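Engineer: Would you be able to build a 3D model of this:
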Amino acid sequence: MYYRTFCCASAALLCCGTAHANPIKEIAGPVQQVQVVSDHDAVTTTVQCTDHYDNIPGAALSITIPAGASQLLVARFNGRVSALQSSGGNAGASVRMVVGTRELNPAGGLNVAAESSISFIQPPAQFERSGPISPGTHTVRAQFCVSGDNTSSATVRDWHFSIEAAAAADH
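Structural biologist: Numbers count the residues shown, from 1 in each chain. So this is what the prediction gives:
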């Protein structure tokens, strides 16, 4: 019975496919700029993810892309991200990276998540995002928020935030 169920499920996937994926592919090089900022101190927010994201204090880098052509921006974040809900139940924390107000790719959804039900002390969360960036001066930020009730909070500590810009290659 197990073999038959597995075969039917496999056949359905092969026949019908999975969700409509639209991968985003960017090619660039060589790297033109690298910037890094980090902090050991803990910062906390009570901003709910359903409202907006809060800037992580200090996690902002200003980058100038020279006139002439767009570049590919690659941003990396790692740090200890935790969520706490003092009323009990579960809370979740999320971190994202933006250029101005535009979230880097892949955008949407929860980027780096931590749940209060797992452990208050989380292992370091790491993620990377990218996207094209036009000539001009731009601010790249890491932001965070919490999902839970009005007693919930999200904390980020021991974080490292870096960005790289590389000349965009012709596809």
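
Engineer: Okay, now the unreliable bits of this protein?
Structural biologist: 1-21, 24-28, 109-122, 170-171 (pLDDT under 70).

Engineer: could you pull out the helices for it?
Structural biologist: 2-16 (DSSP state H).

Engineer: on contacts alone, who are the packing partners of the strand ranked longest in it?
Structural biologist: Ordering each strand of the chain by length in residues (DSSP state E) puts strand 152-168 first. Counting contacts by 3 or more Cβ pairs under 8 Å, 6 or more residues apart in numbering; DSSP states H and E, strand 152-168 packs against strand 28-39, strand 43-45, strand 54-65, strand 71-85, strand 92-99, strand 136-147. Any C-beta I mention is one placed from the backbone N, CA and C, and that applies to glycine too.

Engineer: buried set for that strand?
Structural biologist: 152-157, 159-168 (16 or more other Cβ atoms under 10 Å).

Engineer: List the pairing partners of it within its sheet, with orientation.
Structural biologist: strand 28-39 (antiparallel), strand 43-45 (antiparallel), strand 71-85 (antiparallel) (DSSP bridges).

Engineer: do you know which of the ones you listed lies nearest F144?
Structural biologist: strand 43-45 (5.8 Å; Cβ to Cβ).

Engineer: Other residues contacting the closest one?
Structural biologist: With contact meaning Cβ atoms under 8 Å, 6 or more residues apart in numbering, strand 43-45 is reached by D54, I56, P57, F144, C145, V146, S153, A154, T155, V156, R157.

Engineer: my guess is the fourth one contacts I56, does it?
Structural biologist: Yes - using Cβ atoms under 8 Å as the test, F144 is close enough to I56 to be in contact (5.6 Å).

Engineer: Could you tell me which residues touch both of the two?
Structural biologist: V95, V156.

Engineer: More neighbours: which of these two?
Structural biologist: Summary of the neighbour comparison: F144 and I56, criterion other Cβ atoms under 10 Å, with F144 having more neighbours (29 against 24).

Engineer: ok, the more buried one to A93 distance?
Structural biologist: According to Cβ to Cβ, to the nearest Å, F144 stands 6 Å off from A93.

Engineer: The nearest residue to S62 once chain neighbours are set aside: neighbour count?
Structural biologist: Once flanking residues are discounted, S62 sits nearest to T139: 5.3 Å by Cβ to Cβ, 6 or more residues apart in numbering. Per other Cβ under 10 Å, the neighbour tally for T139 reads 12.
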